[in-house]
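Novice: just coords:
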């Protein structure tokens, strides 16, 4: 019997590794049907998509640039999810992180770059954590559902950003709702500049130092969740609240800490967009990355390693989809969004739909010995 149970446990790990691949294959099959319906060749579309996302160093740089945003928001969703929480507010938390970073950069024109970057990391995380703290406190102390409050806070953050950029922070003499450009000493270094100084030519792309911060964030989240007492308390609470309370874990404190960390991770997205690429604060700079992070976390099984891979996939969808719509005019931007939506639907919202069939195919009859 022990051999049988061991086989089942191993089968569970295999299913967890295979299921995302099966889901992706199904999503690509459905996307091929869409391409056929508009009169194009799925094979040609797939080749153009792959070339657009990974065909050269510059394309890879753009893919990783998009993926950086999704790593931060995917990690944010995953941390909350391990505690039984569903943080829908990464978009709003990124807004507040960007606001904090922009105010810092606007006032740090004469600082050296290294202190600005260090301060920006702290400010972005603190602003995002602060915006997540209120919904966390409302759930922990007043019983308000965190899904509802974080969605509401997304709209509040968007309205606040629009008001500030139109009436307060807008550059004098212009109509576009954005701040003035930051001083160059506050920009994050571009990785192609760093690579060129080492004699490497990786093409020009928006990829910048924040991608390395995203990798570091993934490592820290992994360490926090599986190698600290606080991470154990968070996972215990998400698995069984009654047992966690019986073990002496405070649900209110754990919820507030988890949501604050989640919000801080979402706020770090602003390092990539505000400091690394735009060098100014724009309306809607997160571009929906907070919502894509939900699908990234689900497809990545809420594990930092899986989130990295899923973020690269969705980064490829953004970059490859843009190139695809350019090279195949029949597949306009709206059709590309439909294809992206199918992949998000199957790989995110319906990720467990094929779990039982996959496990049934992998399950072998147990061999019992007398």
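Specialist: That came in fine, so what should we check first? All figures in this text were calculated on a predicted structure; none of them were measured in a lab. Numbers count the residues shown, from 1 in each chain.
Novice: what average pLDDT does stretch 230-240 get?
Specialist: Averaged across stretch 230-240, pLDDT comes to 94.
Novice: which residues sit against it?
Specialist: 79, 81-85, 223-225, 243-244, 247, 249, 251, 254-255, 257-258 (Cβ atoms under 8 Å, 6 or more residues apart in numbering). The C-beta positions use only the backbone N, C-alpha and C, and glycine is treated the same way.
Novice: which parts of it are buried?
Specialist: 231, 232, 233, 234, 235, 236, 237, 238 (16 or more other Cβ atoms under 10 Å).
Novice: next, the first one: phi, psi?
Specialist: Read that as residue 231. Main-chain dihedrals, residue 231, degrees, to the nearest 10: phi -70, psi -40.
Novice: just the contacts of stretch 230-240: which are in helices?
Specialist: Per DSSP state H, helices hold the following members of the contacts of stretch 230-240: 79, 81-82, 223-225, 243-244, 251, 254-255, 257-258.
Novice: highest neighbour count among these?
Specialist: Neighbour count (other Cβ atoms under 10 Å) singles out residue 79 as the most crowded of those, with 29 neighbours.
Novice: how close does the nearest residue to residue 223 once chain neighbours are set aside get to residue 263?
Specialist: Among residues not flanking residue 223 along the chain, residue 231 sits closest, at 8.0 Å (Cβ to Cβ, 6 or more residues apart in numbering). Using Cβ to Cβ, to the nearest Å, we find residue 231 at a distance of 17 Å from residue 263.
Novice: then residue 188?
Specialist: To residue 263, residue 188 is 21 Å away according to Cβ to Cβ.
Novice: quick one: low-confidence residue ranges for the stretch 51-200 of the chain.
Specialist: 199 (pLDDT under 70).
Novice: how about stretch 283-293: buried residues?
Specialist: Neighbour-count burial for stretch 283-293, counted by 16+ other Cβ under 10 Å, picks out 285, 286, 287, 289, 290, 291, 292, 293.
Novice: before we move on, what about stretch 43-50?
Specialist: Those buried within stretch 43-50 under the rule 16+ other Cβ under 10 Å are 45, 46, 48, 49.
Novice: what's the most distant pair in these?
Specialist: 46 and 48 (7.4 Å; Cβ to Cβ).
Novice: can you give me the helices for the stretch 201-350 of the chain?
Specialist: Applying DSSP state H, counting those that start in this stretch to the stretch 201-350 of the chain gives helices spanning 210-227, 229-239, 241-246, 251-267, 269-270, 289-299, 304-327, 333-344.
Novice: please identify the most buried of those.
Specialist: A comparison of the helices of the stretch 201-350 of the chain by mean neighbour count, using mean count of other Cβ atoms under 10 Å, puts helix 269-270 on top with a mean of 34.
Novice: who does that helix touch, helix- and strand-wise?
Specialist: Under the contact definition 3 or more Cβ pairs under 8 Å, 6 or more residues apart in numbering; DSSP states H and E, helix 269-270 sits against helix 57-82, helix 90-107.
Novice: other residues contacting it?
Specialist: 69, 72-73, 90, 94, 97-98, 100-102, 124, 285-286, 289-290.
Novice: how about 6 Å then?
Specialist: Residues from elsewhere that reach helix 269-270 (Cβ atoms under 6 Å, 6 or more residues apart in numbering): 69, 72, 94, 97, 98, 101, 124.
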